[in-house]
Every structure is written in C-alpha cells, then in structure tokens.
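[1] No letters, just coordinates:
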C-alpha cells in the first residue's frame with residue numbers, strides 16, 4: 001500500500017513562531033539588504049532616498065511585529081519571557097538587541113539625511129569614504145552594515161532554535177537553509193562589488209572630464 005506522509009499540524013505556539021520567522025526573514029533577507037544596495041548603487045538617482053526609506057520602514061514594521069509575536073509565543077508556551085533566569089535564550093537576547101539597535105539606526109538615517117555633505121572629493125577612488133560629510137553619515141553607513149549582519153545572525157540562530165523548540169517536532173527544511181545561504185552570499189557579493197565598482201566609475205568620470213577638456217582646447 002502507498003505510504004502517506006503525515007500531515008504536520010502547527011499548534012498556536014508554533015504558528016506564532018512561524019509567523020515571526022516569515023516576517024523577520026523578509027526583513028533580514030530582502031528588505032534591509034535591498035535598502036542598503038539601493039544606497040550603494042543608486043545614490044545619483046533622485047528616487048533613491050525615497051526607496052531606501054520605504055524599504056527600511058517595512059524592515060522596521062516586520063522587525064517590530066516579529067519581535068512581538070516571538071514574545072507572545074514564548075509566554076503562551078509557559079516559559080516566561082526567556083530573557084532572564086534559567087530559560088534565558090541567546091536568540092531572544094539577540095532579537096531584542098536587534099530591535100533596539102535597528103530603531104536607533106532608523107533615527108540615525110533620518111537625521112543624517114538632513115546633514116550637509118560636500119561634493120565628491122576630487123581625485124578620490126572611494127568618494128563614499130573620503131567625501132567631507134557630517135560624521136553621522138559615516139556612522140549610519142557602518143551601523144547599517146553591522147545591523148544587517150545582526151539580522152542575518154538572528155535568522156540563522158532562529159532556524160537552529162526551531163529545530164529545538166518546535167512543538168510539532170519538525171525541523172527547518174534543508175531547502176530553506178540553502179536559500180538562506182544563497183541570499184546571504186548574493187547580498188554580500190553585490191555589496192562588495194559595489195565597492196569595487198566605485199573606483200571604476202571614478203576613473204570613467206575622470207576620463208570623460210579629461211576628454212571634454214581636451215575637446216575644448218582643440219576648439
């Protein structure tokens with residue numbers, strides 16, 4: 001007789017964790033990296049800041065909602081808040097830290113946007129680092145990279161925790177873990193490529209300026 005795959009039924013606790021996982025994964029693997037890459041590649045476009053803020057707003061909503069769901073899930077399961085005592089959980093500590101730091105980063109970004117920044121430094125291969133600007137802008141960029149790394153760490157530790165605490169006894173499918181590493185690798189590669197592309201762009205800009213100057217002289 002054909003074997004039947006048992007149907008997995010999620011109880012209320014697991015349902016809340018699953019919803020938390022989906023929201024925070026979208027924030028960490030899609031919204032936040034997309035916002036950073038838009039800032040990396042499209043700062044010369046008029047629409048970049050609006051798109052960046054919109055994506056980070058969705059990231060904030062997903063992180064806040066996901067954190068709330070996780071806290072409700074552990075309380076519902078009779079384990080307190082798991083932030084203190086013998087049931088203290090590193091993944092939950094990381095989650096709360098991410099929530100606080102991300103909200104702080106969001107404020108940094110808004111304030112940094114309204115600070116003054118000079119034009120690109122002449123002759124610099126990496127204008128992002130060398131252009132005179134308010135220090136808060138540099139803090140925002142570095143802090144954003146750190147926050148994104150913490151979001152990735154949160155997803156990774158969350159997958160590991162599901163395997164331990166799921167009431168249904170299920171484990172995170174291998175395909176989901178593979179998708180995580182693929183998205184992680186693509187985001188890192190795209191960001192690093194943006195840094196490599198910056199001096200190439202600067203070289204092209206200098207060549208264009210030199211060619212234009214030469215044409216004027218010849219005229």
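    Noted; the coordinates are in hand. Keep in mind the model is a prediction, meaning the values are calculated, not measured. Residues are numbered from 1 along each chain as shown.

[2] Report all helices and strands that the one helix or strand residue 140 maps to contacts.
    Secondary structure assignment for residue 140, by DSSP states H and E: helix 135-165. Using 3 or more CB pairs under 8 Å, 6 or more residues apart in numbering; DSSP states H and E, the elements in contact with helix 135-165 are helix 12-26, helix 32-41, helix 90-113, helix 174-218. Any C-beta I mention is one placed from the backbone N, CA and C, and that applies to glycine too.

[3] Would you point out the helix or strand in this protein whose mean pLDDT is lowest?
    Least confident helix or strand, the chain: helix 127-130 with a mean of 56, by mean pLDDT, DSSP states H and E.

[4] Can you pull out the low-pLDDT segments for the protein?
    Low-confidence segments of the chain, defined by pLDDT under 70: 1-8, 77-88, 116-134, 199-219.

[5] Tell me which residue lies nearest the centroid of it.
    By CA atoms, centre = their mean, the mean C-alpha position of the chain lies nearest to residue 32, the distance being 3.2 Å.

[6] From residue 25, how far out is that one?
    Residue 32 sits at a distance of 11 Å from residue 25 (criterion: CB to CB, to the nearest Å).

[7] same deal with residue 193?
    Look at residue 193 and residue 25: by CB to CB, they are 24 Å apart.

[8] Which of these two has more residues huddled nearby?
    Using other CB atoms under 10 Å as the criterion, residue 193 and residue 25 rank with residue 25 on top: 21 against 13.

[9] for the more buried one, what are its contacts?
    155, 180 (CB atoms under 8 Å, 6 or more residues apart in numbering).

[10] can you check the one 10 residues further on too?
    Under the criterion of CB under 8 Å, 6+ apart, the contact partners of residue 35 comprise 51, 52, 55, 56, 59.

[11] Pick out whichever of those sits closest to residue 174.
    residue 59 (26.8 Å; CB to CB).

[12] if we can go back for a sec, pull the distance from the helix holding residue 140 to the chain's centre.
    For helix 135-165, the separation from the chain centroid amounts to 7 Å (computed by CA atoms, centre = their mean, to the nearest Å).

[13] List the buried residues for it?
    Neighbour-count burial for helix 135-165, with 16 or more other CB atoms under 10 Å as criterion, is recorded at 136-137, 140-141, 143-144, 147-148, 150-152, 154-159, 161-162, 165.

[14] same question, stretch 185-200
    Buried, per 16+ other CB under 10 Å, within stretch 185-200: 187, 191, 194, 198.

[15] Quick check: the two most widely separated of these?
    In the buried residues of stretch 185-200, two members sit farther apart than any others by CB to CB. They are 187 and 198, at 17.5 Å.

[16] ok so, going back, out of the contacts of residue 35, who's the most crowded?
    Scoring those on neighbours with other CB under 10 Å, the highest-scoring entry is residue 59 at 26 neighbours.

[17] Centre of the chain to the helix or strand hosting that residue, how far?
    Using DSSP H and E, residue 59 falls within helix 48-76. The chain centre lies 11 Å from the centre of helix 48-76; the measure is CA atoms, centre = their mean.

[18] With stretch 59-79 instead?
    Taking the mean of its C-alpha atoms, stretch 59-79 sits 19 Å from the chain's own mean (CA atoms, centre = their mean).
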